[in-house]
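Below is the sequence, then the predicted model.
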Amino acid sequence: MTDINHKVTDIEKENTTWWYIPPEVGAIHELPQGQPNTRHDLPWQAFAVVGDKHDPDTWKLPHHTRGINKAIKGKIGIEHTVDWERMPAAVAALSPGGHQGHRVEASEGEIISAARHLANHYRKADKSLPDALAVLI
Ligand SMILES: [Zn+2]
């Protein structure tokens, strides 16, 4: 997986670090009738880094479950849709050391606002803030 030009196989797709989504893997659907695009069946609200709401390629660090679609419709609270299993990797990806050596590609400003976004979830869930986030915000 170190060869950047390596063609990604289906098995490797499953094993790919979840937040690193090579362009050829990202399932991007243009929905009819002006509905928002999705990436991995998630709307932009599920991502901590959103460069452009209309360009799913710029969405990074998904950390909500698909339940977020219900939250957007106001049926459940958004904090109930936080995917806590993904959270530690999202936090690590923002830190200078990165997640498994990969830091998310984002501007310094995007990283800080993503860190604040994730920190808010920790606060609202009454969870203690990871050091990696605390130093960024
Ligand atoms: Zn969030």
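Nice, I can see it.

what are the ranges of the helices in this structure?
Along the chain, the stretches classed as helices by DSSP state H are 10-15, 68-72, 87-94, 108-124, 131-134.

Tell me which of those sits most buried.
For the helices of the chain, the largest average neighbour count (mean count of other CB atoms under 10 Å) is found in helix 87-94, namely a mean of 22. C-betas here are computed from N, CA, C, even on glycine.

Quick one: mean pLDDT for that helix?
Confidence for helix 87-94, expressed as mean pLDDT, is 96.

packing partners for it?
The contact analysis (3 or more CB pairs under 8 Å, 6 or more residues apart in numbering; DSSP states H and E) places helix 87-94 against strand 59-62, helix 108-124, helix 131-134.

what's in contact with the longest one?
By CB atoms under 8 Å, 6 or more residues apart in numbering, the list of residues contacting helix 108-124 from outside reads 48-49, 51, 61, 63, 79, 82, 87, 90-91, 94, 104, 106, 128-130, 133-134, 136-137.

repeat that for 10 Å
47-51, 58, 60-61, 63-64, 77-79, 81-84, 87, 90-91, 93-96, 103-107, 127-130, 132-137 (CB atoms under 10 Å, 6 or more residues apart in numbering).

buried subset of those?
47-51, 58, 60-61, 63-64, 78, 81-83, 87, 90-91, 93-95, 104, 106, 130, 132-133, 136 (16 or more other CB atoms under 10 Å).

Give me the neighbour count for residue 97.
11 (other CB atoms under 10 Å).

low-scoring pLDDT stretches of this protein, where are they?
Within the chain, the stretches with pLDDT under 70 are 1-36.

hmm, back to that, make TSV from the helices and strands packed on helix 87-94 and add distance to residue 41 to it.
Conversion of the helices and strands packed on helix 87-94 to TSV gives the following (distance: least, CB to CB, whole Å):
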stretch	distance to residue 41
strand 59-62	10
helix 108-124	20
helix 131-134	26
